[in-house]
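Trainee: return a 3D structure for these sequence lines:
(2 chains)
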Amino acid sequence: KQEVTQIPAALSVPEGENLVLNCSFTDSAIYNLQWFRQDPGKGLTSLLLIQSSQREQTSGRLNASLDKSSGRSTLYIAASQPGDSATYLCAVRGNYGQNFVFGPGTRLSVLP
Amino acid sequence: EAGVAQSPRYKIIEKRQSVAFWCNPISGHATLYWYQQILGQGPKLLIQFQNNGVVDDSQLPKDRFSAERLKGVDSTLKIQPAKLEDSAVYLCASSLEFGQRTTEAFFGQGTRLTVV
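Mentor: Purely as a prediction, here's the structure:
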């Protein structure tokens, strides 16, 4: 059974810092991995999707990497801004057509 | 394109009452998911549909929860009777399948259920 963990559970940084969020999964046989952002009281917004054959994906100030063999993914946020404050969730899919298994999330606060 | 639509946004009911949630996925998305998210946790799958067929309902508490997706488009999730521990956000998501490489999931705003 796939299990997903995220470290740290919460993070508080001053504006402008670069930061890394970590996601680990127990079964390396994944189809893809997706990073989401969740604002308080809102649904999930997709940030980046990495297919199992890919090593990384980039979108603006966000860069996500994937190391399947070690069961890890990282989300790198460059030059953080107060607007980046949210909970960040990673989710993995085991095979084509299967559901996504989520981690518990990392709650990020970027202080002005 | 329009996103995943869910209603209602909020619902407060007493325990042992029944409640229903509605979801309309992105047009053309064959796969629809219902997730339950308890405060402070990641979402947990309740049920997954492929068109109007159930792919995975192994974590759905079938004694009180039911879901249907008639005609393979919109879906309803029902709880009857509700318990205090059902208080959570219920998220609906959809994704494009059938040979599409980018099987990205898109989520609705969720329905926040409070059982008192």
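Trainee: count of neighbours near the nearest residue to A:Ala9 once chain neighbours are set aside?
Mentor: Nearest non-adjacent residue to A:Ala9, counting by CB to CB, 6 or more residues apart in numbering or on different chains: A:Thr106, 6.5 Å away. (Each C-beta comes from the backbone N, C-alpha and C, glycine too.) By other CB atoms under 10 Å in any protein chain shown, 21 other residues sit near A:Thr106.
Trainee: contact partners for the residue nearest the centre of chain B?
Mentor: The centre of chain B sits closest to B:Trp34, judged by CA atoms, centre = their mean, with a distance of 2.6 Å. Shown in contact with B:Trp34 (CB atoms under 8 Å, 6 or more residues apart in numbering or on different chains): B:23, B:45-48, B:67, B:75, B:77, B:90-92.
Trainee: for A:Lys1, same thing?
Mentor: By CB under 8 Å, 6+ apart, the contact set of A:Lys1 is A:26-27.
Trainee: check B:Gln41 too.
Mentor: Listed by CB under 8 Å, 6+ apart, the contact partners of B:Gln41 are A:104-105.
Trainee: so what's whatever residue of chain B ends up closest to chain A closest to, chain neighbours aside?
Mentor: Closest approach between chain B and chain A, counting by CB to the nearest CB: B:Gly42, at 3.4 Å. Counting by CB to CB, 6+ apart, A:Phe102 is the residue found nearest to B:Gly42 once chain neighbours are left out, at 3.4 Å.
Trainee: that neighbour touches B:Gln36, doesn't it?
Mentor: No - judged on CB atoms under 8 Å, A:Phe102 makes no contact with B:Gln36 at a distance of 11.0 Å.
Trainee: what touches both of those two?
Mentor: B:43-44.
Trainee: these two touch, right, B:Thr114 and B:Ser87?
Mentor: Yes - if you go by CB under 8 Å, B:Thr114 and B:Ser87 touch, sitting 5.3 Å apart.
Trainee: the two - which one has more neighbours?
Mentor: Ranked by neighbour count (other CB under 10 Å), B:Thr114 and B:Ser87 place B:Ser87 first, with 17 against 13.
Trainee: once you drop chain neighbours, what's closest to that one?
Mentor: Nearest to B:Ser87 is B:Val115, by CB to CB, 6+ apart, at 4.9 Å.
Trainee: need the contact list for A:Ala9.
Mentor: Neighbouring residues of A:Ala9 by CB under 8 Å, 6+ apart: A:104-107.
Trainee: measure it to A:Ala91 for me?
Mentor: With distances taken as CB to CB, to the nearest Å, A:Ala9 is found 17 Å from A:Ala91.
Trainee: cool, and A:Leu33?
Mentor: Separation of A:Leu33 from A:Ala91 (CB to CB) stands at 7 Å.
Trainee: ok, B:Gly28 next?
Mentor: For B:Gly28 relative to A:Ala91 (CB to CB), the value is 22 Å.
Trainee: which one of the two is surrounded by more residues?
Mentor: Taking neighbours as other CB under 10 Å, B:Gly28 and A:Ala91 compare with A:Ala91 leading, 25 against 10.
Trainee: double-check that the more buried one belongs to a strand.
Mentor: Yes - per DSSP: H, G, I helix; E, B strand; the rest coil, A:Ala91 lies within a strand segment.
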